[in-house]
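Engineer: build the 3D model from these lines:
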Amino acid sequence: MTQDELKALVGQAALQYVEPGQVVGVGTGSTVNKFIEALATIKDRVPGAVSSSEASTARLQALGIPVIAAQDAGELSVYIDGADEIDGQGYMVKGGGAALTREKIVAAQSRRFVCIADESKLVRTLGAFPLPVEVIPMAAAHVARRFAAMGGTARVRVKDGAPLVTDNGQHILDVTGLQIADPLGFESQVNQWPGVVTVGVFAHQKASVCLLGTAAGVRTLTF
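Structural biologist: Residues are numbered from 1 along each chain as shown. Predicted structure coming up:
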């Protein structure tokens, strides 16, 4: 089974967590795009979605699913999103698609986080995937030095020859060389550094459930 087929499999499986009549929180990325396609098949059952990125908003609207502003939606029953890494406790690294700040906001206003991913994303310890950190541009060099003191190497993410600009008008540092043994403590620590908008460790907003696409079908992990 191809990776694309695995993504479609978990995207379809996530529909069971969508409550009829309830607004659904929708993440960002290639796996979530498969979920959005699946959601379009039952769009008459949901009043709309809260989106975590401009890209997902465009995709939802193109398929006829109303997009509701986060501040107008109140508490959400479920948020469905992918991950770059997830461990056995449901802690994740996210932000490969540069939408981590809005993703964390929508996750925080949701009662349940359902992570959809293929089995290659399941890891023993977070950190092999470069850790995304959204920063205010003037703080990038200072934050990079803080990571260097931890043994990490931080680089500004570049797109088309210039620093990538997020939907929030900020930059992304991708940090390699870390092993994140205490995700809760690490997230709390880095989020306090001046100039950090959001760190891509999702420990305080961890997954409740993970639907992993495997060659044998969907494996459900509950945390």
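
Engineer: how about residue 116, what does it touch?
Structural biologist: Neighbouring residues of residue 116 by Cβ atoms under 8 Å, 6 or more residues apart in numbering: 7, 10-11, 13-14, 31-32, 35, 80-82, 210-211, 213. Yep, even glycine has a C-beta here, placed from its N, CA and C like the rest.

Engineer: how about 6 Å then?
Structural biologist: Applying Cβ atoms under 6 Å, 6 or more residues apart in numbering, we find residue 116 in contact with 10, 14, 31, 82, 211.

Engineer: and the pLDDT at it?
Structural biologist: Looking at residue 116, its pLDDT reads 98.

Engineer: partners of it in the sheet?
Structural biologist: Beta bridges link residue 116 to residue 211 when assigned by DSSP bridges.

Engineer: all numbers from here: first residue = 740
Structural biologist: With the count now opening at 740, the last piece we talked about shows up as residue 855.

Engineer: where does the residue most central in space within the chain land on pLDDT?
Structural biologist: For the chain, the residue nearest the mean C-alpha position is residue 833 (4.6 Å; Cα atoms, centre = their mean). As predicted, residue 833 sits at a pLDDT of 98.

Engineer: tell me who's in contact with it.
Structural biologist: Here residue 833 is in contact with 822-823, 839, 842, 939, 941 (Cβ under 6 Å, 6+ apart).

Engineer: on that earlier part again, nearest to residue 934, of the contacts of residue 855?
Structural biologist: residue 821 (26.7 Å; Cβ to Cβ).

Engineer: what's the closest non-adjacent residue to the closest one?
Structural biologist: Leaving out its chain neighbours, the residue that sits closest to residue 821 by Cβ to Cβ, 6 or more residues apart in numbering is residue 770, at 4.0 Å.

Engineer: let me know the secondary structure of the one you found.
Structural biologist: helix (DSSP: H, G, I helix; E, B strand; the rest coil).

Engineer: for residue 809, see how far away it is.
Structural biologist: 21 Å (Cβ to Cβ, to the nearest Å).

Engineer: okay, and the helix or strand of the chain with the least pLDDT?
Structural biologist: helix 742-752 (a mean of 93; mean pLDDT, DSSP states H and E).

Engineer: that one - contacts with which helices or strands?
Structural biologist: For helix 742-752, the packing partners by 3 or more Cβ pairs under 6 Å, 6 or more residues apart in numbering; DSSP states H and E come out as helix 769-778, strand 852-857, strand 948-953, strand 956-961.

Engineer: show me what counts as buried in the first one.
Structural biologist: The one in question is helix 769-778. 770-775, 777-778 (16 or more other Cβ atoms under 10 Å).

Engineer: what sits up against that helix?
Structural biologist: The contact list for helix 769-778, computed with Cβ under 6 Å, 6+ apart, reads 746-747, 750-751, 753-754, 798-799, 819-821, 855.

Engineer: distance to residue 958 for these - can I get that in JSON lines?
Structural biologist: As requested, the contacts of helix 769-778 are exported to JSON lines (distance: Cβ to Cβ, whole Å):
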{"residue": "746", "distance to residue 958": "14"}
{"residue": "747", "distance to residue 958": "16"}
{"residue": "750", "distance to residue 958": "15"}
{"residue": "751", "distance to residue 958": "14"}
{"residue": "753", "distance to residue 958": "13"}
{"residue": "754", "distance to residue 958": "17"}
{"residue": "798", "distance to residue 958": "26"}
{"residue": "799", "distance to residue 958": "27"}
{"residue": "819", "distance to residue 958": "17"}
{"residue": "820", "distance to residue 958": "18"}
{"residue": "821", "distance to residue 958": "15"}
{"residue": "855", "distance to residue 958": "12"}
